[in-house]
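Visitor: generate coordinates for the sequence data below:
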Amino acid sequence: MLGVYKIETWFIPLVKCSKELKDKPPWFSFTIKKNVKKKYKLFKRWLESDSSYDYLEYVKFRNEVSKLIRAAKKSHEKKVAYDSVN
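Guide: I've put the predicted structure just below:
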């Protein structure tokens, strides 16, 4: 049994996964991540308060984040298309 353990440690490397290595879309930048977190916080605030002001603030920011994400995806797709041609 000890021989199997030695072979296992020699041929199966231990790899620690960091949070940075998780699969994420290439267009998902730091600013988008920050804005998505803020959108979530606004959503939670609206749920807790049930205020119409908080809802309008959340909806406005949600729409801005959606526009940012759409623009980032479109920009990334254009870059990929341009790189594939050249």
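
Visitor: the residue lying closest to Arg45 once chain neighbours are set aside: how many residues sit nearby?
Guide: Nearest residue to Arg45, sequence neighbours excluded (Cβ to Cβ, 6 or more residues apart in numbering): Asp54, at 5.3 Å. In this view, the C-beta of every residue, glycine as well, is placed from N, C-alpha and C. If you count neighbours by other Cβ atoms under 10 Å, Asp54 ends up with 17.

Visitor: show the contacting residues for Asp54.
Guide: In this structure, Asp54 makes contact with Leu42, Arg45, Trp46, judged by Cβ atoms under 8 Å, 6 or more residues apart in numbering.

Visitor: give me the buried entries from those residues.
Guide: Leu42, Trp46 (16 or more other Cβ atoms under 10 Å).

Visitor: rebuild the contacts of Asp54 as TSV, extending it with secondary structure.
Guide: As requested, these are exported to TSV (DSSP: H, G, I helix; E, B strand; the rest coil):
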residue	secondary structure
Leu42	helix
Arg45	helix
Trp46	helix
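
Visitor: dump the contacts of Asp54 to JSON lines, plus distance to Val15.
Guide: Converted to JSON lines, the contacts of Asp54 look like this (distance: Cβ to Cβ, whole Å):
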{"residue": "Leu42", "distance to Val15": "37"}
{"residue": "Arg45", "distance to Val15": "39"}
{"residue": "Trp46", "distance to Val15": "41"}
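
Visitor: closest to Glu77 among the contacts of Asp54?
Guide: Using Cβ to Cβ, Leu42 comes nearest to Glu77 of these, at 28.4 Å.

Visitor: where does Asp50 land on pLDDT?
Guide: Per-residue pLDDT puts Asp50 at 89.

Visitor: still on that earlier bit, name the nearest of the contacts of Asp54 relative to Phe61.
Guide: Of all those, Phe61 sits closest to Leu42, with 5.5 Å by Cβ to Cβ.

Visitor: check contacts around that closest one.
Guide: Leu42 is in contact with Asp54, Glu57, Tyr58, Phe61, Arg62, counting by Cβ under 8 Å, 6+ apart.
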